[in-house]
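Visitor: Sequence plus predicted model, see below.
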Amino acid sequence: QVQVQESGPGLVKPSQTLSLTCTVSSASITNNFYAWSWIRQSPGKGMEWMGVIHADGSTYYSPSLKSRTAIFRDTSKNQFSLQLTSVTPEDTAVYYCCRGTGWEFDYWGQGTQVTVSS
């Protein structure tokens, strides 16, 4: 059974950088068939796809977040991470990591709440 699990601070101050890590079990993040995404859900809003890292390490980001987002990986730990810079209270959300092919996502983490507040 594939498992993905988010981890990271639950509280970030405005203007700082949000950093989260996703640990993957029972699947390799270098498997060419799958890609690994970060998705968030803000209060009162729908799901927002943030970006993806592919098996070859290439990345692609949502145009609206591209200037503030970075996704990178540690293949030795089978982990991939998200960094979101210059956060504001509008970045308060539940953040999810997941596995997908195209725009279909089959395994999701439980989600981690991140609050941006001073």
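Guide: Structure's in. What do you need? For clarity, every value in this text was computed on a predicted model and none was experimentally measured.
Visitor: Could I get the contacting residues of the residue most central in space within the chain?
Guide: In the chain, the centroid-proximal residue (CA atoms, centre = their mean) is W38; its distance is 2.8 Å. Residues near W38 by CB atoms under 8 Å, 6 or more residues apart in numbering: L20, C22, W49, M50, G51, V52, I71, L82, Y95, Y96, C97. Where C-beta positions appear, they are placed from N, C-alpha and C, glycine not excepted.
Visitor: Next one, pLDDT for the third one please.
Guide: Per-residue confidence (pLDDT) for W49: 97.
Visitor: what's the burial count for T85?
Guide: 13 (other CB atoms under 10 Å).
Visitor: Next, the contact list for it, please.
Guide: Counted by CB under 8 Å, 6+ apart, T85 has contacts T17, L18, R68, T69, A70.
Visitor: Could you rerun that using 10 Å?
Guide: S15, Q16, T17, L18, S19, S67, R68, T69, A70 (CB atoms under 10 Å, 6 or more residues apart in numbering).
Visitor: Please determine how far R73 is located from V94.
Guide: The span separating R73 from V94 equals 22 Å under the rule CB to CB, to the nearest Å.
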